[in-house]
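Q: sequence unknown, structure follows:
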């Protein structure tokens, strides 16, 4: 199975900085990587797919990038509403696997 | 508009079998896959498995021996059946689908299942 190592586990951010969350795949997954935001008591919401494509309706302050097997989610000037837990998901091969999650405050 | 809703038993006894139904609307099960994802209290997301539009299935390696995903396309329903439940199977169980085969962008609200000892 492909392992997705996500970091950091948690972070707090100010409204002026750039927040970066990283996922590293244990093997090549091409660009089959998506990012999700989950708020308490809610279902996850898709933010980014194909590693870099913004999902419909997602603010442009969210962006995704890829360097080999390392993937990053960036939030520029995070808003209070961006608090939640962020997960990456690889869909290159089954079984699909999630990263462990990053809590953003 | 894609809609998905899970219905489950709420409480299941340890060693018993869990059955959860996902009822969908807005798309055809013959054309799109449906995934099951669960989340234990205070834990992360765990991909459980999928039934694809062609009816083929794939499962989480750790759950494969206990899990069956099936469907009734005429009723727009997908079924999760998992046997030999343990207390660490206590979780919210979600069904989900995607506009493309490699992404999940439509989720049900989830159904909470507690395994009682």
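A: Alright, I've got the coordinates. In this text the structure is predicted, and so the values were computed from the model without any measurement.
Q: stretch B:102-110: which residues count as buried?
A: Residues of stretch B:102-110 classed as buried: B:102, B:103, B:104, B:105, B:106, B:107, B:108, B:110 (neighbour count, 16 or more other C-beta atoms under 10 Å in any protein chain shown). For glycine as for every other residue, the C-beta is placed from the backbone atoms N, C-alpha and C.
Q: repeat that for stretch B:58-71.
A: B:58, B:59, B:60, B:63, B:66, B:67, B:68, B:69, B:71.
Q: restrict those residues to those near chain A?
A: B:58, B:59, B:60 (C-beta under 8 Å from any C-beta of the partner chain).
Q: how far away is the first one from residue A:23?
A: With the distance defined as C-beta to C-beta, to the nearest Å, residue B:58 ends up 21 Å from residue A:23.
Q: what's the answer for the last one, then?
A: Look at residue B:60 and residue A:23: by C-beta to C-beta, they are 18 Å apart.
Q: ok, residue B:9 touching residue B:17?
A: No - shown here, residue B:9 and residue B:17 do not form a contact pair, counting by C-beta atoms under 8 Å, at 9.9 Å.
Q: strand partners (parallel or antiparallel) of the least confident helix or strand in chain A by mean pLDDT?
A: In chain A, no helix or strand scores lower on mean pLDDT, DSSP states H and E than strand A:10-11, which sits at a mean of 94. Strand A:10-11 pairs in its sheet with strand A:102-104 (parallel), by DSSP bridges.
Q: stretch B:27-34 and chain A, are they touching?
A: No - legend: contact between stretch B:27-34 and chain A by C-beta under 8 Å from any C-beta is lacking; minimum distance shown is 10.5 Å.
Q: check contacts around the most centrally placed residue in chain A.
A: Centroid check for chain A by C-alpha atoms, centre = their mean gives residue A:35 as the closest residue, at 3.7 Å. Residues near residue A:35 by C-beta atoms under 8 Å, 6 or more residues apart in numbering or on different chains: A:21, A:46, A:47, A:48, A:62, A:64, A:73, A:86, A:87, A:88, A:89.
Q: all strands for chain B, in order.
A: B:3-7, B:11-13, B:18-25, B:34-39, B:45-51, B:57-59, B:67-72, B:77-82, B:91-97, B:106-107, B:111-116 (DSSP state E).
Q: how about those strands in CSV, adding mean pLDDT?
A: What follows is those, written out as CSV (pLDDT from 0 to 100):
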stretch, mean pLDDT
strand B:3-7, 98
strand B:11-13, 97
strand B:18-25, 98
strand B:34-39, 98
strand B:45-51, 98
strand B:57-59, 98
strand B:67-72, 98
strand B:77-82, 98
strand B:91-97, 98
strand B:106-107, 96
strand B:111-116, 98
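Q: fine by me, thanks again.
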